[in-house]
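Chemist: Give me a model of this one.
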Amino acid sequence: MLREEDLKRVTPALPFLAHAPAELVRDFLREASIHTIPAGTQVFAEGDECSAIAILLSGVVRVFKIGETGREITLYRFDQGESCILTANCILGNQHFPAIAVVERDAEAVVITATAFRDWVNRYQLWRDYVFDLLSRRLASVMAVVDEVAFRRMDARIADFLARRLSPSSPSVRITHQEIAAELGTSREVVSRILEDFSAGRLIATGRGTITLLDHAGLLRRARVT
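Modeler: This next block holds a predicted model:
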């Protein structure tokens, strides 16, 4: 249960509450609760039942899959004002969670029971609009991941991954080859081989757990390779 003063903290993440019907606001205060979740916490494992859904007020959650070979691939991340579409889908479809969700950065979240979530989708247009907008936006990002995996060369994907994290004003990032592999759904060996190629081409320099940008324009050209 939330207090009236809690609503002020929640509204920046869920701005539609500022003009929501009084009945929805009352239900929200009665059914929702705020929880802090430290980094490293596994929110869901594959096959879990979805008894509640969390909407983040702060922090970041990563949702990913692990294949039979042990390789990981990131499906998406969500942060303030967002929730996990797989959790929403599980609740609405009475299914089990099909991936893994882990808190990457200390999070604070509004937690709503599955029963209340389903009830509000049926009863309140504003809540339904929020959920469907969330689903459509996140589906687009998941489809982009599918397109990347299916149709784009791995060297171009790694170049794009690095180019989005490195810039002339921020030329270094602490990240391991295994972490890159987990993001992109490949093996550490493949990542290491491609990074060696980039290093030989003077696009980047690699150190222990660190990658430093040398040629941002060149990295962008590699990202455009088809």
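
Chemist: Counting residues, which helix of the chain comes out longest?
Modeler: The longest helix of the chain (DSSP state H) is helix 125-151.

Chemist: Can you name the element that comes right after that helix?
Modeler: Downstream of helix 125-151, the next assigned helix or strand under DSSP states H and E is helix 154-165.

Chemist: Check which element follows that next one along the chain.
Modeler: Where DSSP H and E defines the elements, the next helix or strand beyond helix 154-165 is strand 172-174.

Chemist: okay, now the domains of the protein?
Modeler: As recorded under automatic domain parsing, the domains making up the chain are 4-150, 152-223.

Chemist: Report the rounded mean pLDDT for the last one.
Modeler: Spelled out, that is domain 152-223. Here domain 152-223 scores 94 as its mean pLDDT.

Chemist: Buried residues, stretch 217-226. List them.
Modeler: Neighbour counts using 16 or more other C-beta atoms under 10 Å place 218, 219, 222, 223 of stretch 217-226 among the buried residues. Glycine gets a C-beta too; all of them are placed from N, C-alpha and C.

Chemist: Quote the end-to-end distance of stretch 167-175.
Modeler: For stretch 167-175, the first and last residues are 15 Å from each other (C-alpha to C-alpha, to the nearest Å).

Chemist: circling back to that earlier point, by how many degrees do the longest helix of the chain and helix 154-165 diverge?
Modeler: Regarding helix 125-151 and helix 154-165, their directions subtend 130 degrees when assessed with axes from the mean of the first three to the mean of the last three C-alpha atoms, to 10 degrees.

Chemist: Who are the packing partners of helix 125-151?
Modeler: For helix 125-151, the packing partners by 3 or more C-beta pairs under 8 Å, 6 or more residues apart in numbering; DSSP states H and E come out as strand 72-78, helix 85-93, helix 114-123.

Chemist: Which among these is found nearest to residue 24?
Modeler: Closest to residue 24 of the helices and strands packed on helix 125-151 is helix 114-123 (C-beta to C-beta; 7.0 Å).

Chemist: who does the closest one touch, helix- and strand-wise?
Modeler: In terms of contacts (3+ C-beta pairs under 8 Å, 6+ apart), helix 114-123 is packed against helix 22-31, strand 52-66, helix 85-93, helix 125-151.

Chemist: what's the closest of those to residue 41?
Modeler: The stretch from the helices and strands packed on helix 114-123 with the least distance to residue 41 (C-beta to C-beta) is strand 52-66; that distance is 9.2 Å.

Chemist: helices or strands up against that closest one?
Modeler: Packing contacts for strand 52-66, counted by 3+ C-beta pairs under 8 Å, 6+ apart, involve strand 33-37, strand 72-78, helix 85-93, strand 100-113, helix 114-123.
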